[in-house]
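Trainee: fold the following and give me the result.
(2 chains)
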There are 2 protein chains.
Amino acid sequence: MSLVLDPAAQDLLFREARTANTFTDEPVTDEQIQAVYDLIKYGPTSMNQSPLRITLVRSAEARERLVGLMADGNKEKTGKAPLVAILSADNEFHHELPTLFPHFEGAKDMFEGFGREARESQATLNAALQAAYFIIGLRSAGLAAGPMTGADLEGVRKEFLDDDHTPLMVVNIGRPGENAWFPRSPRLAYDEVVTTV
Amino acid sequence: MSLVLDPAAQDLLFREARTANTFTDEPVTDEQIQAVYDLIKYGPTSMNQSPLRITLVRSAEARERLVGLMADGNKEKTGKAPLVAILSADNEFHHELPTLFPHFEGAKDMFEGFGREARESQATLNAALQAAYFIIGLRSAGLAAGPMTGADLEGVRKEFLDDDHTPLMVVNIGRPGENAWFPRSPRLAYDEVVTTV
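Mentor: This next block holds a predicted model:
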């Protein structure tokens, strides 16, 4: 009994939550995504960098372009999901640091001096943390997430983003439909993952 | 009211949870970390790669070596936290795929063929997702996490890991102590993060 989180919440977020491959037709609203964001924005990042950016693909035209960039096995579900989001890292996140990390005046200039490659590495790591918070947040809203890296991500950057943003993944979002998932795959045991020194 | 997660759980995991800089003396047990892992192991990764590895730094000797590698601003709290964990990515995760992703027989060979650099990129992204799940999991156990990238991470690799593992961050773990945190820094507004196409 080491966990204090309510068992129903454990199930909602981890134990019973699954990556969905089919969805119902029920729309996912901007209000739902805003509620998710307003929860998960508090998740920690290095120096509060908060580099995650979210592109909601809502128009039929944009969805069609995105589907064309997905790996074959991901095209059908990305075409049918009620909502699809592109999650990316803002490699110029340091411009926001005077607001986000106000007690360290030199933060913006420091990251400017580090150069783009170092910023991209930081942005990718911290946006990935936030991508996980976003997945947990969608589950907090009773939604299923279908995160995918199987895509022409460089193509996604060119079609939907710009050179300042690195796409990390595409996420299908909605209520799970029929036969929404495969049987759960095994996980590594504690002793395979954790060592003590 | 778009969220279905219990408001107390929202507070525990996101709204009231904070990165702690001081801790009480209460020990963090292996049983607590196992309970956290057994919850968060279900969080999704690409092809169930599950590359996160956790090194618990428990001995005084190991703690001293780690403190020496932390950035100056992180040394004191890393020295005093009841437990410190090094989170790393296993760049040879593909050796586990016959177990973790058994319905795709060629997965291990495919990642072997991709080469180390491509695997390291995948491992870093997916271990970062799992690092975020781990932070959420610690909070699920009523513990405060203090994730830090301010360290000589290459030194951490040499002292505690090997060439097959890339350290992502160090996490202080315990119950928050006195004056455990600074005032919460601002977050970006929804419209600054989310765009629609």
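
Trainee: need the contact list for the most centrally placed residue in chain A.
Mentor: In chain A, the residue lying closest to the centroid (Cα atoms, centre = their mean) is A:A131, at 2.9 Å. Counting by Cβ atoms under 8 Å, 6 or more residues apart in numbering or on different chains, A:A131 makes contact with A:52, A:87, A:147, A:168-169, A:171, B:129, B:132. Every C-beta, even on glycine, is put in place using the N, C-alpha and C of the backbone.

Trainee: can I get the residues you listed in CSV including secondary structure?
Mentor: Putting the contacts of A:A131 into CSV (DSSP: H, G, I helix; E, B strand; the rest coil) gives the following:
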residue, secondary structure
A:L52, strand
A:L87, strand
A:P147, strand
A:L168, strand
A:M169, strand
A:V171, strand
B:L129, helix
B:A132, helix
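
Trainee: tell me which two of these sit farthest apart.
Mentor: Farthest pair in these (Cβ to Cβ) is A:V171 and B:A132. Separation: 14.4 Å.

Trainee: so between these two, which is more surrounded?
Mentor: Using other Cβ atoms under 10 Å in any protein chain shown as the criterion, A:V171 and B:A132 rank with B:A132 on top: 27 against 22.

Trainee: just checking, the more buried one touches A:G43?
Mentor: Yes. Because the distance of 6.8 Å satisfies Cβ atoms under 8 Å, B:A132 is recorded as touching A:G43.

Trainee: go through the contacts of A:A131 and name the one nearest B:V36.
Mentor: B:A132 (12.8 Å).

Trainee: show the pLDDT at the closest one.
Mentor: What the model reports as pLDDT for B:A132 is 98.

Trainee: got a list of what the closest residue to it other than its chain neighbours touches?
Mentor: Counting by Cβ to Cβ, 6 or more residues apart in numbering or on different chains, B:A132 lies nearest to A:A132, which is 3.4 Å off, once chain neighbours are set aside. Residues in contact with A:A132, defined by Cβ under 8 Å, 6+ apart, are B:43, B:128-133, B:136.

Trainee: only alpha carbons, please: show stretch A:128-139 as CSV.
Mentor: C-alpha atoms of stretch A:128-139 as CSV (Å, rounded to 0.1, in the frame of the first residue of the first chain):
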residue,chain,number,x,y,z
ALA,A,128,9.1,14.7,-24.3
LEU,A,129,8.4,15.0,-20.5
GLN,A,130,5.5,17.3,-21.3
ALA,A,131,4.3,14.9,-24.0
ALA,A,132,4.0,12.3,-21.3
TYR,A,133,2.2,14.7,-19.1
PHE,A,134,-0.2,15.4,-22.0
ILE,A,135,-0.9,11.7,-22.5
ILE,A,136,-1.7,11.4,-18.8
GLY,A,137,-3.8,14.6,-19.0
LEU,A,138,-5.9,13.1,-21.9
ARG,A,139,-6.5,10.1,-19.8
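
Trainee: my guess is A:A145 contacts A:G174. True?
Mentor: No. A:A145 is beyond contact range of A:G174, at 9.1 Å (criterion: Cβ under 8 Å).

Trainee: shared neighbours, these two?
Mentor: With contacts taken as Cβ under 8 Å, 6+ apart, A:A145 and A:G174 have A:A20 as neighbours in common.

Trainee: any common contacting residues for B:A132 and A:G43?
Mentor: Counting by Cβ under 8 Å, 6+ apart, the residues touching both B:A132 and A:G43 are A:129-130, A:133.

Trainee: now the residues you listed in JSON lines, with neighbour count?
Mentor: Below are the shared contacts of B:A132 and A:G43 laid out as JSON lines (neighbours: other Cβ atoms under 10 Å in any protein chain shown):
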{"residue": "A:L129", "neighbour count": "27"}
{"residue": "A:Q130", "neighbour count": "29"}
{"residue": "A:Y133", "neighbour count": "28"}
